[in-house]
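Enquirer: Model the structure of this input:
(chains A and B)
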Amino acid sequence: MTSQRKVRVRFAPSPTGPLHIGGVRTALYNYLFARRHGGDMILRIEDTDSQRFVPGAEKYINEALAWCGIEIDEGVEQGGPHAPYRQSERREIYFKYAMQLIEAGHAYYAFDTPEQLEALRTQAEARGEAFAYNYAVRGELATSLVLSPEEVKARIERGEGWVIRFKMPEGRDVEMHDAIRGQVVVNTSTLDDKVLYKSADSLPTYHLANIVDDHLMEISHVIRGEEWLPSLPLHYMLYEAFGWSATQPEFAHLPLLLKPGGGGKLSKRDGDKMGFPVFPLRWEAPTGEVSRGYREDGYFPEAFVNMLALLGWNPGTEQEIFSMEELIAQFTLERVGKSGARFDPEKARWFNATYLKTKTDEQLGELLLPILRSHGVDACIFLATKVARLVRERATFVADMWDLSSFIFNAPTEYEQKAVEKFWKGENPARLAALRGVLEGVGDFTAANIDTAIHSWIESNALPMGQVMNTFRLAVVGESKGPGMADICEMIGKEGTLERLSAALNKLGQ
RNA sequence: GGCCCGUUCGUCUAUCGGUUAGGACACCAGAUUUUCAUUCUGGGAAGAGGAGUUCGAUUCUCCUACGGGCUACCA
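Expert: Numbers count the residues shown, from 1 in each chain, chains lettered A, B, ... in the order given. Predicted coordinates:
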């Protein structure tokens, strides 16, 4: 809350699977905010759910952030003054603070079994109500609030299951502040006594661990998804119960990322069902199920980050293309939107195409080279760069350049029907045969020479340019698309070009 | 059901009481082009509804509707 405090933010994902783009955006906003204010970015792994823990998820999170260019100052891999940064390694800390809450009367032991709670829920449901574990019912349940200290001690020693619940005050209006939404007020009577400490795995729940760690790690701003807004009053009360209100962080709840078609927030499960990745990186689940990622789909990390940054934030100007440095320089929480943003795969592609345009031929050639080789082309960087220069303006992804240029390396085996109908008629085949002769006479087979030869031939014979060139293209490429014919011929070479003309003349007939 | 958040073109959004409501993606048309693409030009397209407040509401307030989130010994 105080502006004097050093900015320290954290991204605190749960390793229950791969990070999806909503999570990446949250990490990005945290990072931008930290860098903007010369603060620290902390990565904390919230693995307090032993049931849903997924091996490999933590590694994935680190890799994904690194790919995006989101640098971590303190975290599981980097270490730091507040290590460990993995909550499962901080058990004693949470237990100590849970005890502190009980002693201060802000929390209590509850001995209800899952079955008993389930029964209470179904009973309430039968009455048309929703069961809430709160001030109204806690006095009638088996808790340390009503049981004698001896009885409580005995139950614990006997090994009976217990949890620690927060004793939510009754009838208090909690006035909260959110950097994005302004003031929010909630009455505590609408809240319930949340479990703070689970007996099942001897770990705290998110709420306790979160508040304790944010406090201990001196977090100044909590920037997280809107799904946490409902638990903000609980968190406020927790800070108060611990006596930490004075150093409580400022909160900012980010609007959610919605499915493209509407109908809910973008979730991990959407996967590639909807035809676009929801994960930054490819993910192979322990079950063997594979989900694709932006990296593997050929997105430039800069484009991906740029696209994500603008999904819920904008600088108020008409600038749309931002480097990470520009984002850092301009990012403010005040300009984050309030409403959920529907993710648009089409615009994501546009961003990539735009970034591709900014690359040099050499850069694209370097990226294209391995792709060319993977298709069996014995290419060098010089060749790859040349190919890139020829087809780049038609590509959205680097990989597109192979589809756009493969005809250079593989002569057409069939010809596009429509183009054949349109051009392989009349005098065109005969003209093509003549053109073959013209090309045969070109000594140094460069694009410039080829161009000159063809044009002077066309002009001196007063031939219809469109008819000749399109027929020519059909014969060499196999369809009606691609770069200029002179460039194509140079790439293919004299021998190859002449062969293709003969082949077309043979197959399509004269 | 309860609690909370939200609501400007199809989508992402600008607008901090007075604008022909701007931009981008997508879409359509035209120009350029040996094809495709690029590029350029132009076009259609929005303030959920209803009450207020005000000289004046997209902008402030309330109600309704709709959308979303939360409601676990998950985060």
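
Enquirer: roughly how far apart are A:Glu250 and RNA strand B?
Expert: Shown here: A:Glu250 relative to RNA strand B, a distance of 16 Å by Cβ to the nearest atom of the strand, to the nearest Å. Any C-beta I mention is one placed from the backbone N, CA and C, and that applies to glycine too.

Enquirer: Ignoring the adjacent residues along the chain, who's closest to that residue?
Expert: A:His221 (4.9 Å; Cβ to Cβ, 6 or more residues apart in numbering).

Enquirer: Give me the below-cutoff pLDDT ranges for the stretch 351-500 of chain A.
Expert: Within the stretch 351-500 of chain A, no range satisfies pLDDT under 70.

Enquirer: who in it is up against RNA strand B?
Expert: A:357, A:393-394, A:451, A:465-466, A:469-470, A:472-473, A:480-486 (Cβ under 7 Å from any atom of the strand).

Enquirer: Give me the neighbour count for the residue nearest to A:Glu250.
Expert: A:His221: 23 surrounding residues under other Cβ atoms under 10 Å.

Enquirer: again with the one 3 residues further on
Expert: Using other Cβ under 10 Å, A:Arg224 has 21 neighbouring residues.

Enquirer: Secondary structure class of it, three-state.
Expert: With DSSP: H, G, I helix; E, B strand; the rest coil as the basis, A:Arg224 sits in strand.

Enquirer: Does it touch A:Tyr29 like I think?
Expert: No. Counting by Cβ atoms under 8 Å, A:Arg224 does not reach A:Tyr29; the two are 9.5 Å apart.

Enquirer: Touching both of these two, which residues are there?
Expert: Here A:Arg224 and A:Tyr29 have A:Leu254 as joint contacts, going by Cβ atoms under 8 Å, 6 or more residues apart in numbering.

Enquirer: The residue nearest to A:Glu250 and A:Val9 touch, don't they?
Expert: Yes. Under the criterion of Cβ under 8 Å, A:His221 makes contact with A:Val9 at 5.1 Å.

Enquirer: so what sits against both of the two?
Expert: Counting by Cβ under 8 Å, 6+ apart, the contacts common to A:His221 and A:Val9 are A:Phe33.

Enquirer: so how far is RNA strand B from A:Leu390?
Expert: Using Cβ to the nearest atom of the strand, we find A:Leu390 at a distance of 10 Å from RNA strand B.

Enquirer: what does the helix or strand harbouring that residue contact?
Expert: Taking DSSP states H and E as the definition, one finds A:Leu390 inside helix A:381-391. With contact meaning Cβ under 8 Å, 6+ apart, helix A:381-391 is reached by A:361-362, A:364-366, A:368-369, A:372, A:377, A:379, A:401, A:404-405, A:408, A:482-483, A:487-488, A:491.

Enquirer: Give me the ChimeraX select line for the residues you listed, limited to the buried ones.
Expert: To isolate the buried ones among the contacts of helix A:381-391 in ChimeraX, judged by 16 or more other Cβ atoms under 10 Å, type:
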select /A:361,364,365,366,368,369,372,377,379,401,404,405,408,482,483,487,488,491
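
Enquirer: Out of the contacts of helix A:381-391, list just those in helices.
Expert: Per DSSP state H, helices hold the following members of these: A:361-362, A:364-366, A:368-369, A:372, A:401, A:404-405, A:408, A:487-488, A:491.

Enquirer: all helices in the stretch 201-350 of chain A, in order from the N-terminus.
Expert: Assigned by DSSP state H, counting those that start in this stretch, the stretch 201-350 of chain A shows helices spanning A:206-216, A:232-242, A:301-309, A:324-330, A:345-358.

Enquirer: low pLDDT regions in chain A?
Expert: In chain A, residues with pLDDT under 70: A:1-3, A:262-263, A:271-272.

Enquirer: OK, contacts around A:Glu218?
Expert: A:Glu218 sits next to A:6, A:8, A:82, A:247 when contact means Cβ under 8 Å, 6+ apart.
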